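>>> need coordinates for the below:
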Amino acid sequence: MFHAGKLPENMILILHRFRVFCKIFKSEEFMKTEDRKEYLEGLKDGIPIGTGYFAVAFSLGIAARNAGLTPFQGFLASLSTNASAGEYAVFTLIAQNAPYIECAVMTLIANARYLLMSAALSQKLHPDVPVAKRILIGFDVTDELFGIGIARKGWLNPWYFYGAMTSSIPGWAIGTMLGVIMGNLLPARIVSALSVALYGMFLAIIIPPARESRIVGVLVAVCFLLSWLCSVLPAVSALSSGTRTIILTIGISTIAALLFPHTDEEAS
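Residues are numbered from 1 along each chain as shown. Reported below is the predicted structural model:
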């Protein structure tokens, strides 16, 4: 069975990743002006994302508290698992004393879309980027960080992504912790209003490229329409939101790639 008291063991994994990050941070490569510039730019771009995460994580903290987690356990859960849908699902299972295997499968299904995002981001990285840096990026591939990363012109410098991670991850973890402490004390309308912030932030990421390219704008509109249809049609509405997202992502991106291919010159 799954016991909430086991969550602090995630601290070992977190400390290991922190040591890897510190080792890279102290390397001579980071002393390059370009890397410092990219890191600071990512740090700045990640601040509004972290603010949105902080607000949304309040409602996640309520779910964590209902599952019996302490504020510290909620903090560790969000620090090591940066995925709203996946955490919501697992917290629900923890409240039901579900076995480990069920929690693992649910997390895989709810977060499967991040596999596609990671594959797309890997194409934005220069072939010379080492595996360790790629793995560190994979630790925090969220919808919003993927959006700002994939929108970068040319190759994606890993240090830009690290900077965005630095300023956004604490917002998610601290927001969850405070949600456990204070979430149930807030009126339901306020908690609901805080959750809207994340959607507004995501719109701010996708609207600029949609305005620059008519093709992107049309594809975004098609995505919204098909996403709504999939949520109401009997055949697919029973599927989880993560599964529907994967189906739509694969289908629309495949059709778009075939109809509107990018040349190497355009990608760079």
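
>>> now do the contacts for Tyr88.
Leu60, Ala63 (Cβ atoms under 8 Å, 6 or more residues apart in numbering). Where C-beta positions appear, they are placed from N, C-alpha and C, glycine not excepted.

>>> how about low-confidence regions in the stretch 51-200 of the chain?
Residues of the stretch 51-200 of the chain that meet the criterion pLDDT under 70 lie in 183-184, 188, 191-200.

>>> Gly74: neighbouring residues, count only.
32 (other Cβ atoms under 10 Å).

>>> list the helices and strands the helix or strand hosting it packs on?
Using DSSP states H and E, Gly74 sits in helix 71-80. Packing partners of helix 71-80 (3 or more Cβ pairs under 8 Å, 6 or more residues apart in numbering; DSSP states H and E): helix 10-25, helix 33-66, helix 84-95, helix 158-182.

>>> which element follows the host helix or strand of Leu108 toward the C-terminus?
Element membership of Leu108, judged by DSSP H and E, is helix 100-110. Later in the chain than helix 100-110, the nearest helix or strand by DSSP H and E is helix 113-122.

>>> in the chain, which residue is closest to the centre?
Thr142 (1.5 Å; Cα atoms, centre = their mean).

>>> give the helix, strand or coil label for the residue nearest to that residue when sequence neighbours are not counted.
Leaving aside its sequence neighbours, Thr142 sits nearest to Asn82 (Cβ to Cβ, 6 or more residues apart in numbering; 5.5 Å). Here Asn82 is coil, with the state taken from DSSP: H, G, I helix; E, B strand; the rest coil.

>>> so what's the residue count around Asn82?
Quick note: Asn82 (other Cβ under 10 Å) scores 21 neighbours.

>>> how far away is it from Glu212?
According to Cβ to Cβ, to the nearest Å, Asn82 and Glu212 sit 28 Å apart.

>>> and Leu156, by the same measure?
From Leu156 to Glu212 the distance is 18 Å (Cβ to Cβ).

>>> so between the two, which is more surrounded?
Using other Cβ under 10 Å as the criterion, Leu156 and Glu212 rank with Leu156 on top: 23 against 10.

>>> residues touching the more buried one, list them.
Contacts of Leu156 by Cβ under 8 Å, 6+ apart are Leu121, Lys124, Leu125, Gly149, Ile150.

>>> for it, which non-adjacent residue is spatially closest?
Lys124 (4.0 Å).

>>> also Gly50?
Nearest one to Gly50, counting by Cβ to Cβ, 6+ apart, is Gly171 at 3.3 Å.

>>> who are the contact partners of the one you found?
Ile49, Gly50, Thr51, Gly52, Tyr53, Phe54, Ala57.

>>> now restrict those to buried residues only.
Buried by 16 or more other Cβ atoms under 10 Å: Ile49, Gly50, Thr51, Gly52, Tyr53, Phe54, Ala57, out of the contacts of Gly171.
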